[in-house]
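# I would like to see how this sequence folds:
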Amino acid sequence: MSYSFRFDPMQFPPAAQALRKEVRKFLREEIDKGTFTPGAGDMAANFNPDFSRKVGARGWIGMTWPKEYGGHDRTQIERYVLTEEFLAHGAPVRAHWVADRQSGPVLLRYGTEEVRRKLIPEIVKGECYFCIGLSEPNSGSDLFAASTKAVKAEGGYKVTGTKIWTSNAHRTHYMIGLIRTSPPTADNRRHGLSQFLIKMDTPGITVRPIINLAGHHDFNEVHFDDAFVPDAHLIGRENEAWKQATDELAYERSGPDRWLETLAAFTEGVRVAGAEPVPHIAETLGRETAHLMTLRRMSASVAGMLQAGETPMTEAAVVKDLGTNWEQALPNAMRLIAPDGVRSPSANDRTFEQVMRYATHIAPKLTIQGGTREVLRGIIARGLGLR
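Okay, here's the model as predicted:
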């Protein structure tokens with residue numbers, strides 16, 4: 001049996017190391033100003049257009065994109081460093097995150113020139129925000145079963161159906177939606193799916209909130225009732241969107257955001273354990289640190305592949321699957337190491353409880369976002385030649 005995925009070592013070059021120092025200085029200044037509180041777990045505050053515009057002004061959105069469209073022609077490694085620092089500090093990046101991570105690259109690769117010229121500069125400035133329309137209420141994680149349909153009309157298409165688990169659809173400008181334009185064929189379930197750029201204030205679109213266990217409004221159900229999408233907003237070729245969508249998911253699944261979302265639980269656990277933890281606590285911290293460093297190396301390797309122009313679908317799925325497991329288990333592991341006095345009413349101990357509560361509440365959704373565990377393991381099995 002031949003293995004078809006790899007994780008080559010990747011060294012951070014001097015330019016990336018210099019950028020790391022610059023980003024840390026910027027974030028420390030923003031924390032000192034009160035712009036955000038690391039590890040606060042406030043999803044509403046994490047969607048901060050003012051902060052996104054500041055990031056855009058520094059040239060930190062669309063870092064790897066062509067200068068022709070307002071990008072900065074920097075490396076995937078530099079973007080990786082920026083992403084890592086933002087997430088490790090808990091910066092409020094959700095407004096521009098999806099557009100920068102995946103929607104912008106999709107438009108640059110498959111969008112019309114009209115769309116690229118109009119939207120890419122707005123994304124780069126931190127002023128244009130995206131959501132993703134993949135899952136549907138009756139098809140779970142089976143994207144091939146998508147039934148939301150687009151019917152050809154004069155000058156465009158009319159879209160009818162429902163997308164679900166659509167993060168931040170209630171406060172973004174556009175959706176990139178996977179929509180059925182033709183039935184699948186008997187030998188190809190992938191056929192008949194198309195990608196569309198959908199303006200979220202289009203008549204016929206209704207966004208309904210889904211409140212999560214933490215009481216936050218992040219997810220949404222988006223209903224389309226003959227919502228009109230112009231021809232210029234078809235992304236790529238009609239009926240052939242599956243390859244485009246899988247490219248997009250490689251960007252979504254491979255980055256540090258798939259293993260750093262509950263990192264604050266780890267840093268709080270280290271804080272309450274103190275400078276000289278007892279042996280069994282030191283063992284737990286060492287084990288979790290080893291997991292963290294392994295994920296970091298694997299994820300950085302994927303960034304190196306993206307920089308080389310590759311599409312590491314299998315490697316990205318491995319990182320996302322292992323990262324989800326670690327993120328979900330981390331809050332319980334950190335609670336077990338907490339000293340007896342950690343639940344006293346001191347301010348620092350309340351911080352510990354707040355962080356652990358948030359990390360525990362969001363843990364279930366980590367299995368869903370970016371692909372369920374079963375879907376990811378199917379991708380990995382194909383990469384290993386097992387199916």
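# Beyond the helix or strand encompassing residue 354, next helix or strand please.
Counting by DSSP states H and E, the secondary-structure element that holds residue 354 is helix 347-366. Scanning the chain past helix 347-366 towards its C-terminal end, the next helix or strand to appear is helix 373-383 (assignment: DSSP H and E).
# Could I get the pLDDT score of residue 349?
Per-residue confidence (pLDDT) for residue 349: 64.
# Can you list the buried residues in stretch 46-58?
46, 47, 48, 51, 52, 53, 55, 56 (16 or more other Cβ atoms under 10 Å). Bear in mind the C-beta positions are built from the backbone N, C-alpha and C, glycine included.
# Quick check: the first one touching residue 97?
No. The pair residue 46 / residue 97 is not scored as a contact, 9.2 Å apart, by Cβ atoms under 8 Å.
# ok, and the closest non-adjacent residue to residue 114?
Distances taken as Cβ to Cβ, 6 or more residues apart in numbering place residue 232 nearest to residue 114, at 5.3 Å, with adjacent residues excluded.
# Revised request: answer the last question for residue 378.
In space, residue 378 is closest to residue 387, 7.0 Å off (Cβ to Cβ, 6+ apart).
# Run through the stretch 101-250 of the chain and note the low-pLDDT ranges.
Filtered on pLDDT under 70, the stretch 101-250 of the chain yields the residue ranges 140-141, 245-250.
# one more time with 90, if that's ok
Low-confidence segments of the stretch 101-250 of the chain, defined by pLDDT under 90, span residues 102, 134-135, 138-146, 184-191, 211-216, 218, 240-250.
# chain center to stretch 185-195, what's the gap?
Here the centre of stretch 185-195 is set off from its chain's centre by 26 Å, with Cα atoms, centre = their mean, to the nearest Å.
# tell me the helices in the protein, going along the chain?
For the chain, the helices defined by DSSP state H occupy 14-33, 49-57, 76-89, 94-98, 104-110, 113-124, 242-254, 263-273, 279-307, 313-337, 347-366, 373-383.
# For the ones you listed, state which one has the densest average packing.
Burial among the helices of the chain, expressed as mean neighbours by mean count of other Cβ atoms under 10 Å, is greatest for helix 94-98, which shows a mean of 24.
# which residues are in contact with that one?
Outside helix 94-98, the residues within contact range by Cβ atoms under 8 Å, 6 or more residues apart in numbering are 43, 46-49, 51-52, 55-56, 61, 123, 126, 129-132, 167-168, 171-172, 257.
# With stretch 70-78 instead?
The set of residues that contact stretch 70-78 without belonging to it, under Cβ under 8 Å, 6+ apart, is 10, 12-13, 15-16, 19, 59, 62-67, 120-121, 124-125, 300, 303-304, 306-307.
# Try it again at 6 Å.
Under the contact criterion Cβ atoms under 6 Å, 6 or more residues apart in numbering, stretch 70-78 has outside partners 16, 19, 59, 62-65, 67, 120-121, 124, 303, 306-307.
# and what of stretch 156-172?
Contacts for stretch 156-172 (Cβ under 6 Å, 6+ apart): 129-131, 133, 135, 137, 147-151, 179, 200, 207, 218-224, 226-231.
# try 7 Å
If you take Cβ atoms under 7 Å, 6 or more residues apart in numbering as the criterion, stretch 156-172 is touched by 47, 94, 129-133, 135-137, 147-151, 175, 177, 179, 200, 207, 209, 218-231, 368.
# List only buried entries from those residues.
47, 94, 129-133, 135-136, 148-150, 175, 177, 179, 200, 207, 218-224, 227-230.
# From those residues, which land in strands?
Using DSSP state E, 130-133, 149-150, 175, 177, 179, 207, 218-224, 227-230 are the members of the buried ones among the contacts of stretch 156-172 that sit in strands.
# just the CA coordinates of stretch 257-277, formatted as PDB?
Output for stretch 257-277, consisting of C-alpha atoms alone and laid out as PDB, is shown next (Å, rounded to 0.1, in the frame of the first residue of the first chain):
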ATOM      1  CA  ASP A 257      -8.100  28.100  13.500                       C
ATOM      2  CA  ARG A 258      -8.800  24.400  13.500                       C
ATOM      3  CA  TRP A 259      -6.700  23.700  16.600                       C
ATOM      4  CA  LEU A 260      -6.400  27.000  18.400                       C
ATOM      5  CA  GLU A 261     -10.100  27.800  19.100                       C
ATOM      6  CA  THR A 262     -10.000  26.600  22.700                       C
ATOM      7  CA  LEU A 263      -6.300  27.500  23.400                       C
ATOM      8  CA  ALA A 264      -7.300  29.900  26.100                       C
ATOM      9  CA  ALA A 265      -8.300  26.800  28.200                       C
ATOM     10  CA  PHE A 266      -4.700  25.600  27.900                       C
ATOM     11  CA  THR A 267      -3.100  28.900  28.900                       C
ATOM     12  CA  GLU A 268      -5.500  29.300  31.800                       C
ATOM     13  CA  GLY A 269      -4.700  25.800  32.900                       C
ATOM     14  CA  VAL A 270      -1.000  26.600  32.900                       C
ATOM     15  CA  ARG A 271      -1.700  29.800  34.900                       C
ATOM     16  CA  VAL A 272      -3.600  28.000  37.700                       C
ATOM     17  CA  ALA A 273      -1.100  25.200  37.800                       C
ATOM     18  CA  GLY A 274       1.600  27.600  38.800                       C
ATOM     19  CA  ALA A 275       5.300  27.800  38.200                       C
ATOM     20  CA  GLU A 276       6.100  24.500  40.000                       C
ATOM     21  CA  PRO A 277       3.200  22.100  39.400                       C
END
